[in-house]
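Participant: Provided below for reference: sequence and predicted model.
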Amino acid sequence: MDKKLLDILACPLCKGPLVYKEEDNELICKIDRLAYQVRDDIPVMLVDRARELPADEEV
């Protein structure tokens, strides 16, 4: 994930910062506990496509 792109991206739900989780190829919103998939280096920033993180999963 390009560092410059990561700096300007925000969670579409809360507008908060995102963290890139390389091993899962996802952008994580810690506030909403959502994971946005990155496909072919393009983040899929749709709330209805985001994966909800279980309470026991560390972010």
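Facilitator: Done, it's in.
Participant: Model confidence for residue 6, exactly?
Facilitator: On pLDDT, residue 6 comes in at 89.
Participant: In this structure it contacts residue 22, no?
Facilitator: No - the pair residue 6 and residue 22 fails to qualify as a contact (Cβ atoms under 8 Å) at a distance of 11.2 Å. C-betas here are computed from N, CA, C, even on glycine.
Participant: Those two: who's more crowded?
Facilitator: residue 6 (14 against 8; other Cβ atoms under 10 Å).
Participant: Okay, that one and residue 24: tell me how far apart.
Facilitator: Separation of residue 6 from residue 24 (Cβ to Cβ, to the nearest Å): 15 Å.
Participant: can you check residue 33 too?
Facilitator: Distance, residue 33 to residue 24, by Cβ to Cβ: 14 Å.
Participant: Who has more neighbours out of the two?
Facilitator: residue 33 (15 against 12).
Participant: residue nearest the centroid of this protein?
Facilitator: Nearest to the centroid of the C-alpha atoms of the chain, with distances taken as Cα atoms, centre = their mean, sits residue 27, at 2.3 Å.
Participant: Double-check that that residue belongs to a strand.
Facilitator: Yes - judged by DSSP: H, G, I helix; E, B strand; the rest coil, residue 27 forms part of a strand.
Participant: Tell me which residues touch it, please.
Facilitator: 1, 6, 9, 18, 19, 20, 21, 35, 36, 38, 43, 45 (Cβ atoms under 8 Å, 6 or more residues apart in numbering).
Participant: By neighbour count, which of the residues you listed wins?
Facilitator: residue 18 (23 neighbours).
Participant: so what's that one scoring on pLDDT?
Facilitator: Taking residue 18 on its own, its pLDDT is 96.
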